[in-house]
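Trainee: Need a 3D model of the sequence below.
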Amino acid sequence: MKRNLSALVVSQFFLLVLFFILAPKASSFSCTEEEEQQRKIHHEIVVTATRLETPIQEAASAITLLKKEELPLTSTLFPNLLFRQAPGVFFLQAGSAGGPGSVFIRGAGSEHTLFMIDGLEINDPISPARSFNFNLFSLGLVERVEILRGPQSTLYGSDALAGVVNLITSEPEKNEAAASGFIGTSRTRMGNFYLAQIYRKFSLLFDFNSSATAGISAANSLYPGNSEPDGFEQHSLAFKVGYKPSSSFSLSWQTRALSSRTDLDTFGGPYGDDPNSVQKTRFYFNRLELKGRFWNQRWEQKLAFGLQISRRDNDNPSDDYHPGESEQAFYRSRLIKIDWQNNLLLAANNTLVFGVDFRQEQGSSFYAYFSPWGDYQSNFPSKESGLLGFYLQDQWKLWPGFTVNAGLRFDHHKKFGQAFTFRTAVNLELPEIQARIKATTGSGFKAPSLYQLYAPEDIFGPIGNLYLLPERNLGWDFGVEKSFGQHLTLSLTCFETRYRNLIQFYFGAGYKNLGRALTRGLESFLVANFLENFALQASWTHLQAEDLETRTALIRRPKDFLSVNLNFKYRAFRLEAWLNYLGPRQDLNYSIFPPERVTLKAATITNLLLNFELNKRASLFIEIQNLFNTRYELIYGYGTPGATFSSGFRLKL
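Mentor: Numbers count the residues shown, from 1 in each chain. Have a look, this model is predicted:
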């Protein structure tokens, strides 16, 4: 039955592909209008897909470009408002802002997505699976976000099995200053100040952001015993300094510091509330880049140095709900990254990218639990690990509109040894029928984390495993994009990825490479502009994500999720309406033992945003999230916000 269903989906997909290619070209618009539209599309530049500045129409990889100026101001505090715009990407969070978050790209685990700032990774080395810590999510100095889907280890190494989220910072073009802020339900508030200055060959960027919310109860308040709200606050400061003495050389340095405080609950479900459990996080990031062009501008070199330091402290003293019980923990990590990239222009239509990168990570942690029934301690002494990688990619434009990328990578890890990955990508533009066809295939790997390798044995048995192998995957995608005049564009992409050697924890035996998984599905995206002041965007993802060992669906992944955005503008007013549909998801009820599989019901969430431009320098907005107060869960036992209201401003000084 499953094979027949898959065959049916594939056959329907290729019928649609055939329709797009053979559909007659819309003739109701002049050539001048169509050429102008194509020119605007080609001016959208991305860098994450190939490590080169590439028009988005020439990128074969499935990539979504999100500009900060087009995102709601509340996106920093609520990342779901950002990720809802990307097909194939599903974001969930335990509770409201500041709770543990996960991003599932094409059904893969959150630890299989690599987060970066300007190409340097920021995943947390001391987290058990080396995933990104969403307490640190900030859009300070960020100009745009590029979300790249599919295996990307050939260019970015470990952790990029499912894709990459690259936060790309601004390059100042003029002197400017801006302020923005909002206040809302649950004492939610945010303030931001931004400054850009250019003086001869120097440039300076500065960004300060402060946000906080009283929040909701992380343990769902619909269950008994959960009434105390869990708040979150975050403060960030970022600088970026640039120096460009000539057109052939530039230097930039950025640094950012971030601190956050998050209220936590013990678990999700009945009586999971905890009135005084707190996590405090501090994060420091530094990035230095030297860029030069040689050989008559034919050889570009980029040398980047990165340093990140993270500190997390958890404190949970005893309280009336847990008399005599208390917990304390700390987590420390440091990551050093060096990346030397070379872009060599072999010919006008042929660019070779090659380089070497090195990553050294270090981490330690300590956890202690005290109770009248006994104490428990777990000490993870400081450990470190190194990863050295060499990458090579060749990009050919064989003829106008036809681009081929092929790449290889070799990595060496001091524990598991060697890892080879590859990637190929083809993009074919068909301007005569306003269509393009694209396809990629590639492999990825993920090195075992420090905790998975070195966690010491405890009273229940072994935890770490020095003989772990890297997790691996192999994936492909095929897509077609078709425009009908300049007012309608539709794209479809099918994909499949197989994972093996997945690292899983087995009670009493520790971490082992026994997991296998399969994800496949269909991504669709539509953009329509039939009326002058009205625009429609919609994306739909159909996903099958299966654990091949147990033959069960991977938990918390909806089979179908839909996002629709309606945008209407009239004079100084702009109204945006978002509709998000989440299909049923499987999850586990961890509040009982052994955990029991449950089904989370489907949900439809509607958001509204009304913006009013006072003048070219100032605007006001009102935003309502979850307009109809839909009750739903993203994680079993954890709450989600009901209807919330916020209002704010943007001001250019």
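Trainee: Secondary structure element for the closest residue to residue 235 other than its chain neighbours, which one?
Mentor: Nearest in space to residue 235, with sequence neighbours left out and distances taken as Cβ to Cβ, 6 or more residues apart in numbering, is residue 210 at 4.9 Å. C-beta: built from backbone N, CA, C; applies to glycine. Per DSSP states H and E: residue 210 is located in strand 202-216.
Trainee: Quick check: buried residues in that strand?
Mentor: Judged by neighbour count (16 or more other Cβ atoms under 10 Å), strand 202-216 contains these buried residues: 203, 205-209, 211-216.
Trainee: same thing with stretch 555-567?
Mentor: By 16+ other Cβ under 10 Å, the buried positions in stretch 555-567 come out as 555-559, 561-567.
Trainee: ditto for stretch 56-70
Mentor: Going by 16+ other Cβ under 10 Å, stretch 56-70 has these buried residues: 56-66, 68.
Trainee: What of stretch 124-140?
Mentor: 124-140.
Trainee: Just the ones in strands from the residues you listed, please.
Mentor: Using DSSP state E, no member of those falls in strands.
Trainee: ok, of the buried residues of stretch 555-567, which one's closest to residue 541?
Mentor: residue 561 (5.4 Å; Cβ to Cβ).
Trainee: before we move on, back to that, the strand holding residue 210 packs against which elements?
Mentor: strand 188-199, strand 230-246 (3 or more Cβ pairs under 8 Å, 6 or more residues apart in numbering; DSSP states H and E).
Trainee: and the two most separated of the buried residues of strand 202-216?
Mentor: 203 and 216 (41.6 Å).
Trainee: what residue lies at the spatial centre of this protein?
Mentor: residue 165 (4.1 Å; Cα atoms, centre = their mean).
Trainee: What strand or helix carries that one?
Mentor: Short version, using DSSP H and E: residue 165 is in strand 163-169.
Trainee: Next, the angle from that strand to strand 202-216.
Mentor: Strand 163-169 runs at 120 degrees relative to strand 202-216, counting by axes from the mean of the first three to the mean of the last three Cα atoms, to 10 degrees.
Trainee: and strand 163-169, how far from the chain's centre?
Mentor: 7 Å (Cα atoms, centre = their mean, to the nearest Å).
Trainee: strand partners of it, parallel vs antiparallel please.
Mentor: strand 113-117 (parallel), strand 142-149 (antiparallel) (DSSP bridges).
Trainee: then that strand to CSV, C-alphas only?
Mentor: Output in CSV follows, covering the C-alpha atoms of strand 163-169 (Å, rounded to 0.1, in the frame of the first residue of the first chain):
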residue,chain,number,x,y,z
GLY,A,163,20.4,22.0,5.9
VAL,A,164,21.8,25.3,7.0
VAL,A,165,20.4,28.4,8.5
ASN,A,166,22.7,31.3,7.8
LEU,A,167,22.2,34.7,9.6
ILE,A,168,23.9,37.2,7.3
THR,A,169,24.8,40.6,8.7
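Trainee: ok, then the element right after it?
Mentor: Assigned by DSSP H and E, the successor of strand 163-169 is strand 176-184.
Trainee: Could you figure out how far that following strand is turned away from strand 202-216?
Mentor: Using the same axes, to 10 degrees: strand 176-184 against strand 202-216 is 0 degrees.
Trainee: Quick check: buried residues in strand 176-184?
Mentor: Buried-residue list, strand 176-184, by 16+ other Cβ under 10 Å: 179-182, 184.
Trainee: of these, closest to residue 410?
Mentor: Closest to residue 410, out of all of these and judged by Cβ to Cβ, is residue 180, at 45.4 Å.
Trainee: I'd say that closest one and residue 73 touch.
Mentor: Yes. Contact criterion Cβ atoms under 8 Å: residue 180 and residue 73 qualify, at 5.8 Å.
Trainee: what do these two both touch?
Mentor: Residues touching both residue 180 and residue 73 (Cβ atoms under 8 Å, 6 or more residues apart in numbering): 192, 648, 650.
Trainee: And the average pLDDT for the strand holding residue 210 is what?
Mentor: The average pLDDT for strand 202-216 rounds to 96.
Trainee: before we move on, what about stretch 226-236?
Mentor: Mean predicted confidence for stretch 226-236 is 95.
Trainee: any idea how far it is from the chain center?
Mentor: 22 Å.
Trainee: then it to PDB, C-alphas only?
Mentor: The C-alpha coordinates for stretch 226-236 follow below in PDB (Å, rounded to 0.1, in the frame of the first residue of the first chain):
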ATOM      1  CA  ASN A 226       0.200  24.200  36.000                       C
ATOM      2  CA  SER A 227      -0.600  27.900  36.700                       C
ATOM      3  CA  GLU A 228       2.600  29.800  37.100                       C
ATOM      4  CA  PRO A 229       3.800  31.700  34.000                       C
ATOM      5  CA  ASP A 230       7.400  31.200  32.800                       C
ATOM      6  CA  GLY A 231       9.100  34.400  31.700                       C
ATOM      7  CA  PHE A 232      12.000  35.100  29.400                       C
ATOM      8  CA  GLU A 233      14.300  38.000  28.900                       C
ATOM      9  CA  GLN A 234      17.200  38.600  26.600                       C
ATOM     10  CA  HIS A 235      19.700  41.400  26.100                       C
ATOM     11  CA  SER A 236      22.100  41.600  23.200                       C
END
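Trainee: Now do the buried residues in it.
Mentor: 226, 228-234, 236.
Trainee: Quick check on the closest residue to residue 452 other than its chain neighbours: phi, psi?
Mentor: Leaving aside its chain neighbours, residue 452 sits nearest to residue 511 (4.7 Å; criterion: Cβ to Cβ, 6+ apart). When read as degrees, to the nearest 10, the backbone of residue 511 gives phi -80, psi 140.
Trainee: Report how many residues lie close to residue 511.
Mentor: 23 (other Cβ atoms under 10 Å).
Trainee: gap between it and residue 145?
Mentor: Residue 511 is 32 Å from residue 145, where distance means Cβ to Cβ, to the nearest Å.
Trainee: Could you verify my assumption that the residue nearest to residue 452 touches residue 504?
Mentor: Yes. Under the criterion of Cβ under 8 Å, residue 511 makes contact with residue 504 at 7.1 Å.
Trainee: Quick one: residues contacting residue 90.
Mentor: Contacts of residue 90 by Cβ under 8 Å, 6+ apart are 83, 103-104, 541, 557-558, 561.
Trainee: What mean pLDDT does the longest strand seen in the chain get?
Mentor: Counting residues, the longest strand found in the chain (DSSP E) is strand 376-399. Summarised as a single mean, pLDDT over strand 376-399 is 95.
Trainee: buried set for it?
Mentor: Under 16+ other Cβ under 10 Å, the buried positions of strand 376-399 are 380, 383, 385, 387-389, 391-397.
Trainee: Equivalent analysis for stretch 354-372, please.
Mentor: 354-355, 357, 359, 361-365, 370.
Trainee: Let's have the strands paired with strand 163-169 in CSV, adding mean pLDDT, distance to residue 440 and mean neighbour count.
Mentor: Formatted as CSV, these follow (pLDDT from 0 to 100; distance: least, Cβ to Cβ, whole Å; neighbours: other Cβ atoms under 10 Å):
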stretch, mean pLDDT, distance to residue 440, mean neighbour count
strand 113-117, 97, 17, 24
strand 142-149, 96, 10, 22
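Trainee: Nearest to residue 285 among these would be which one?
Mentor: Among those, strand 113-117 sits nearest to residue 285 (Cβ to Cβ), with 6.5 Å.
Trainee: what angle separates the closest one from strand 230-246?
Mentor: 60 degrees.
Trainee: I'd like the distance from strand 113-117 to the chain centre, please.
Mentor: Worked out by Cα atoms, centre = their mean, strand 113-117 lies 7 Å from the chain centre.
Trainee: Name the strands paired with whatever helix or strand comes next after that strand and say parallel or antiparallel.
Mentor: Beyond strand 113-117 in the direction of the C-terminus, DSSP H and E gives the next helix or strand as strand 120-121. Strand 120-121 pairs in its sheet with strand 113-117 (antiparallel), by DSSP bridges.
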